[in-house]
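*Asks:* Need coordinates for the following:
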Amino acid sequence: MVTPHFSQIIAAQALKYGDRAAFLHRRELTDEWTELGWNEFSEKVDALAHALYDMGVKEGDRVGQFSNNMVENMITDFALFSNRGVVVPMYATSTANQIEFIINDAGIEVLFVGDQVQFDIAMEVKARSSVLKTVVVFDPLTRISGEGVLWFEDVLAAGRSSSAGEGVEQRRQAATEDDLACILYTSGTTGNPKGVMLPHSCLDEAVRIHRIRIPEMTDQDTSIAFLPMSHVFERMWCYLCVANATIVYVNLRPIEVSETLKQVRPTMMCAVPRFWEKVYAAVQENIAAMPPSKQGIVTWALAVGKKYNIDTLRLGKKPGLGLSIKYKIADALIYSKVKKTVGIDNAKLFPVAGAKLSDDINIFLRSMGVPIAYGYGLTETTATVSFFEPVGYEFGTVGKIIPDLQVKIGPENEIMVKGRTVFSGYYKNPEANASAFTEDGFFRTGDAGFLRNGCIIITDRLKDLFKTSYGKYIAPQEIETRLSLDKYIEQVAVIGNEKPFVTAIIHPSIPALEAVAAKAKIKYSSVEEMLAHPQIYELMEKKILKQQEGMAPYELIKKFVMIPTPFSIQSGELTNTLKLKRPVVEQRYKLLIDEMYTR
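*Replies:* Residues are numbered from 1 along each chain as shown. As a prediction, the model looks like this:
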């Protein structure tokens, strides 16, 4: 199947699907879902494309988006593609300084914003920017003021009465796969973010490859856009949905996804491991509260599910009659109820990537028949490098390498990638480009690992690997992933570079510990006092030891401190994709860290 150029794909889909829903969206959780049909989608893309042309947006111009997930984001994308323009998405959680850097770096004169929060930040930046000229507001409930501010609906209306149709059509016909489609700025765990340039050839190839690897994805499927559309994972997934006419429900606020899942019950949805970690923790907590007799049934059901889904179907074998009957019983008693409660009872494919997913969680979900497709990718590779196939996937890996992509292991076991989905370079950053690619054109991912049977095994992020003063290498993400499985632990930062032993800064689950304190009749006047109580510290110590069972002695956390306030994007300790900025954490908590190594 040949995919039309993204400057023309919406019109082609409208011709095929007419008024059938392309997207569904809403402003508030209590609102009814509003359909955006293919014809209406195409009409709005045309209207905005004409308006952008009249506003002076030229071929190759960079236009920004600073918004939560809204259907207007997709309309803007394809209107820009119609003008051979470049979309520059920004995370809705970004600070004014982060937005200002991207606007200045990319030379953004027109910025589309979502709601009041983004508008206020945009106007703060505009007041001191010599680059940003126009702000277009999606949400009609936003209170606006100032020069160069336009309503999205007014811009559409202007486009409908425009005479720019011929000019836009000329641009569409001139569009090529070499045109730059997007500049996605990486989160930047250290230093300023870098603008990843993705030409249309990357988008086209990503669609082609995923159609090969996910032939079951059709126009009968439904998906939820839950991750930020500014994230390459969700953005490319939405583009794939558009190409396959898969219906997308746009989840405006991440916090609402649990309710959205129960309402929509999608067949597909991409997510990061943290989402499934929370699902797993909630299910485990429910199991722990069951009477022993019912816990026994759950244990039996999981054993049956593992034998059926993992030991049999995963290997391409046909389950026997006895096992099939047992599995149907287990499904009726346990799996179907759990999946219905979460809203994943229609699950067909749930891609997950962006961080390490624990094998325990992966096996647990797969045993229940939840079709997790664990994978690996980067912004620079247009998301996917590898992911689980339906049959033959191996736990401990991040799946099989996608077709027509070359992967090799370089010095220091660095994973290197080459292919048509690899980006064309960092925007206006020749120094970063020089260090990002090898002489033979392979992209250095910065991740360490090795290959086995066509699958990738990731050991850690090279930048995160550290060495103790005794010369032992530590992979902090592995330790942090293990500890995060415990319901009492919300966030962990492992410390130990050039130190004699490993320590950790932990933000625990305050409600869970408050429940423990109440049961133990521990008296305290503040959260800090509770966290410092010997019984609470001892409990956490036991939890840490349990989660680190089987790890090497030099990897074990010898000391730790608990902090009452979580790491956050706003405080600068997390990136917009919720990755830990280890240098920032180490600097901010330097006194606490020093104390652990001196007391």
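*Asks:* which SSE is the residue nearest to Val168 when sequence neighbours are not counted in?
*Replies:* Among residues not flanking Val168 along the chain, Ala49 sits closest, at 4.9 Å (Cβ to Cβ, 6 or more residues apart in numbering). (C-beta placed from N, C-alpha, C; glycine too.) Per DSSP states H and E, Ala49 falls inside helix 38-54.
*Asks:* other SSEs contacting that helix?
*Replies:* helix 9-17, strand 21-25, helix 71-82, helix 152-160, helix 165-174 (3 or more Cβ pairs under 8 Å, 6 or more residues apart in numbering; DSSP states H and E).
*Asks:* Point out the most buried one among the ones you listed.
*Replies:* helix 71-82 (a mean of 26; mean count of other Cβ atoms under 10 Å).
*Asks:* if we can go back for a sec, looking at the helices and strands packed on helix 38-54, which is nearest to Asp221?
*Replies:* Between Asp221 and the helices and strands packed on helix 38-54, the tightest spacing by Cβ to Cβ is seen for strand 21-25, at 12.3 Å.
*Asks:* Does His533 touch Lys523 like I think?
*Replies:* No. Checked against Cβ atoms under 8 Å, the pair His533 and Lys523 is beyond contact range at 9.0 Å.
*Asks:* what about the residue nearest to Val168, distance to Val584?
*Replies:* Ala49 is 41 Å from Val584, where distance means Cβ to Cβ, to the nearest Å.
*Asks:* Between these two, which is the more surrounded one?
*Replies:* Remark: of Ala49 and Val584, Ala49 carries more neighbours, 31 against 18, as counted by other Cβ atoms under 10 Å.
*Asks:* So Val136, which state does it fall into?
*Replies:* strand (DSSP: H, G, I helix; E, B strand; the rest coil).
*Asks:* picking that back up, doesn't Asp77 make contact with the residue nearest to Val168?
*Replies:* No. When contacts are counted by Cβ under 8 Å, Ala49 is not listed as touching Asp77 (10.9 Å).
*Asks:* Pull up the per-residue confidence for Lys467.
*Replies:* Lys467 carries a pLDDT value of 72.
*Asks:* Adjust the sequence numbering to begin at 32 for everything that follows.
*Replies:* Right, with 32 as the first residue, what we last looked at is Lys498.
*Asks:* residues near the residue lying closest to it once chain neighbours are set aside, how many?
*Replies:* Nearest residue to Lys498 in three dimensions, chain neighbours excluded: Tyr504, at 5.3 Å (Cβ to Cβ, 6+ apart). Other residues within reach of Tyr504, judged by other Cβ under 10 Å, total 13.
*Asks:* for Tyr504, phi and psi?
*Replies:* Dihedral angles of Tyr504 (phi, psi; degrees, to the nearest 10) stand at phi -80, psi 140.
*Asks:* Now do the longest strand seen in the chain, average pLDDT.
*Replies:* If you go by DSSP state E, the chain has its longest strand at strand 474-483. For strand 474-483, the mean pLDDT works out to 93.
*Asks:* cool, and stretch 118-130?
*Replies:* The predicted model gives stretch 118-130 an average pLDDT of 92.
*Asks:* Next, the distance between the ends of that stretch.
*Replies:* 14 Å (Cα to Cα, to the nearest Å).
*Asks:* same question, stretch 176-194
*Replies:* This stretch, stretch 176-194, spans 29 Å end to end (Cα to Cα).
*Asks:* Give me the more crowded residue out of His564 and Lys554.
*Replies:* His564 (17 against 9).
*Asks:* what about the residue lying closest to Lys357 once chain neighbours are set aside, helix or strand, and which?
*Replies:* Spatially, and ignoring its direct neighbours in sequence, Lys357 is nearest to Val335 (4.8 Å; Cβ to Cβ, 6+ apart). For Val335, the host element (DSSP H and E) is helix 323-336.
*Asks:* Packing partners of that helix?
*Replies:* Using 3+ Cβ pairs under 8 Å, 6+ apart as the contact test, the elements touching helix 323-336 are helix 304-319, helix 352-361, helix 390-398.
*Asks:* residues of that helix that come out buried?
*Replies:* The neighbour-count check on helix 323-336 (16 or more other Cβ atoms under 10 Å) flags Val329, Ala332, Leu333, Val335, Gly336 as buried.
*Asks:* Check stretch 300-310 too.
*Replies:* Met300, Cys301, Ala302, Val303, Pro304, Phe306, Trp307, Glu308, Val310.
*Asks:* and which of these is nearest Val156?
*Replies:* Nearest to Val156, judged by Cβ to Cβ, of the buried residues of stretch 300-310 is Val303 at 28.0 Å.
*Asks:* surely the closest one meets Val383?
*Replies:* Yes. Because the distance of 6.8 Å satisfies Cβ under 8 Å, Val303 is recorded as touching Val383.
*Asks:* So for Leu516, what pLDDT did the model give?
*Replies:* So Leu516 comes in at 86 (pLDDT).
*Asks:* got the contact list for it?
*Replies:* Applying Cβ atoms under 8 Å, 6 or more residues apart in numbering to Leu516 gives the contacts Glu308, Tyr311, Ala312, Ser389, Asp391, Ile392, Gln578.
*Asks:* Now render those residues as JSON lines, adding distance to Leu516 and pLDDT.
*Replies:* Formatted as JSON lines, those follow (distance: Cβ to Cβ, whole Å; pLDDT from 0 to 100):
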{"residue": "Glu308", "distance to Leu516": "7", "pLDDT": "86"}
{"residue": "Tyr311", "distance to Leu516": "8", "pLDDT": "90"}
{"residue": "Ala312", "distance to Leu516": "8", "pLDDT": "84"}
{"residue": "Ser389", "distance to Leu516": "6", "pLDDT": "87"}
{"residue": "Asp391", "distance to Leu516": "7", "pLDDT": "90"}
{"residue": "Ile392", "distance to Leu516": "7", "pLDDT": "92"}
{"residue": "Gln578", "distance to Leu516": "6", "pLDDT": "91"}
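*Asks:* Generate a ChimeraX selection restricted to the buried subset of those residues.
*Replies:* Restricted to buried positions by 16+ other Cβ under 10 Å, the ChimeraX selection for the contacts of Leu516 reads:
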select :308,311,312,389,392,578
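*Asks:* quick check, nearest of the contacts of Leu516 to Ala535?
*Replies:* Among the contacts of Leu516, and counting by Cβ to Cβ, the member closest to Ala535 is Gln578, at 11.1 Å.
*Asks:* Tell me if I'm right that that closest one and Asp517 touch.
*Replies:* Yes. Here Gln578 reaches Asp517: they are 5.5 Å apart, a contact under Cβ under 8 Å.
*Asks:* any common contacting residues for the two?
*Replies:* Counting by Cβ under 8 Å, 6+ apart, nothing touches both Gln578 and Asp517.
*Asks:* can you list the weak-confidence ranges in the stretch 182-331 of the chain?
*Replies:* 218-222 (pLDDT under 70).
*Asks:* what about 50?
*Replies:* Judged against pLDDT under 50, the stretch 182-331 of the chain has no low-scoring part.
*Asks:* element containing the spatially closest residue to Glu316 that is not a sequence neighbour?
*Replies:* Ranked by Cβ to Cβ, 6+ apart and with sequence neighbours excluded, the top spatial neighbour of Glu316 is Lys518, at 6.1 Å. Counting by DSSP H and E, no helix or strand carries Lys518.
*Asks:* What is the burial count for Lys518?
*Replies:* Lys518: 17 neighbours (other Cβ under 10 Å).
*Asks:* my guess is it contacts Ala546, does it?
*Replies:* No. The pair Lys518 and Ala546 does not pass the contact test of Cβ under 8 Å, sitting 10.5 Å apart.
*Asks:* circling back to that earlier point, let me know the closest of the buried residues of stretch 300-310 to Val117.
*Replies:* After measuring the buried residues of stretch 300-310 against Val117 - Cβ to Cβ - the closest member comes out as Cys301, at 23.7 Å.
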